[in-house]
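Chemist: With the sequence up front, the predicted model follows.
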Number of protein chains: 2
Amino acid sequence: MGLTKTTGFTKEQVALAAIAKALGHPARIVILQFLAKQKSCVCGDIVEELPLSQSTVSQHLKELKTVGLIKGNIEGPSVCYCIDENAWNKAQQNLSELFGSITGDSCC
Amino acid sequence: MGLTKTTGFTKEQVALAAIAKALGHPARIVILQFLAKQKSCVCGDIVEELPLSQSTVSQHLKELKTVGLIKGNIEGPSVCYCIDENAWNKAQQNLSELFGSITGDSCC
DNA sequence: AACCTTTATCGTAATATTACGATATAAGTA
DNA sequence: TACTTATATCGTAATATTACGATAAAGGTT
């Protein structure tokens, strides 16, 4: 079907999965690494960083924006993309909660 | 195309994206939360935890296994799934590296 | 206004994902 | 051996994702 069921899951589970899904492509990892390091936030520079066409990169940026991890500001003729620190910190916290919830002894 | 390009990315970027992608579904989040808390690792108990059919859950388990986050041991008539702590810790480290690489000041 | 630059969107094709029921497989039990 | 239980795999349908070129839209420049 391709359609992910959301009923029967908590909002938090659905939200965390959505964030993880957004991180689930090498191009979007590169974009976030690039923005985190603040070398630039101009869209054109991001495109140059990637082995993908401009339209494809624009699509990836849109996904990251939709999930809230980045935001874009129009800056004259170009667009400046930045990490949304709120969403970023929340994602970090939720992920580290998941990874930290392990209780020592594994049974196999 | 649906086919993710991997050329032009580092191995680490591709690997991290693969892990994130595996986390990118609510059912797989639930499975990992459940296994991390060690209430049980029997496949049947995981199926009961989810609002999905047995075959669909089996598919999700397979994905988590393929990416290495969990491993399965046959235990008599049933199968015991557990988190692979090596992969788990590596994933945690790589993700916290990504989230920690932010350099204070955002430009927008 | 005409033009260039920058980014987003559209249209499209190929492939992947999600989900289910049905069936196969494997292990234990009567 | 026949039967039940537990899990995996197959087949299939619907939808999503990825990628590209072409084009639109928005802003600056001459």
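Modeler: Cool, got the structure.
Chemist: Every contact and neighbour count from this point should use C-alpha atoms.
Modeler: OK.
Chemist: Mind listing residues that contact the helix or strand of chain A with the lowest mean pLDDT?
Modeler: Counting by mean pLDDT, DSSP states H and E, chain A has its least confident helix or strand at strand A:70-75, which shows a mean of 93. Judged by Cα atoms under 8 Å, 6 or more residues apart in numbering or on different chains, the contacts made with strand A:70-75 from elsewhere in the structure are A:64-65, A:79-84, B:108.
Chemist: Same question for stretch A:22-42.
Modeler: Applying Cα under 8 Å, 6+ apart, the set of residues contacting stretch A:22-42 from outside is A:46, A:50, A:57, A:60-61, A:63-64, A:67, A:78-83, B:4, B:6, B:9, B:13-14, B:16-22, B:24, B:98, B:101-103, B:106-107.
Chemist: circling back to that earlier point, got the angle for the helix or strand that the least confident helix or strand of chain A is followed by vs strand A:70-75?
Modeler: Following the chain from strand A:70-75 toward its C-terminal end, the next helix or strand by DSSP states H and E is strand A:78-83. Angle of strand A:78-83 versus strand A:70-75, following axes from the mean of the first three to the mean of the last three Cα atoms, to 10 degrees, is 150 degrees.
Chemist: thinking again about what came up before, if you look at the contacts of stretch A:22-42, which of them are in strands?
Modeler: Using DSSP state E to define strands, the subset of the contacts of stretch A:22-42 located there is A:78-83.
Chemist: Filter these down to the buried ones.
Modeler: Among the ones in strands among the contacts of stretch A:22-42, the ones that count as buried by 16 or more other Cα atoms under 10 Å in any protein chain shown are A:80-83.
Chemist: Turn the residues you listed into a markdown table, including pLDDT and distance to residue B:34.
Modeler: Converted to a markdown table, those look like this (pLDDT from 0 to 100; distance: Cα to Cα, whole Å):
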| residue | pLDDT | distance to residue B:34 |
| --- | --- | --- |
| A:80 | 96 | 40 |
| A:81 | 96 | 37 |
| A:82 | 95 | 35 |
| A:83 | 96 | 31 |
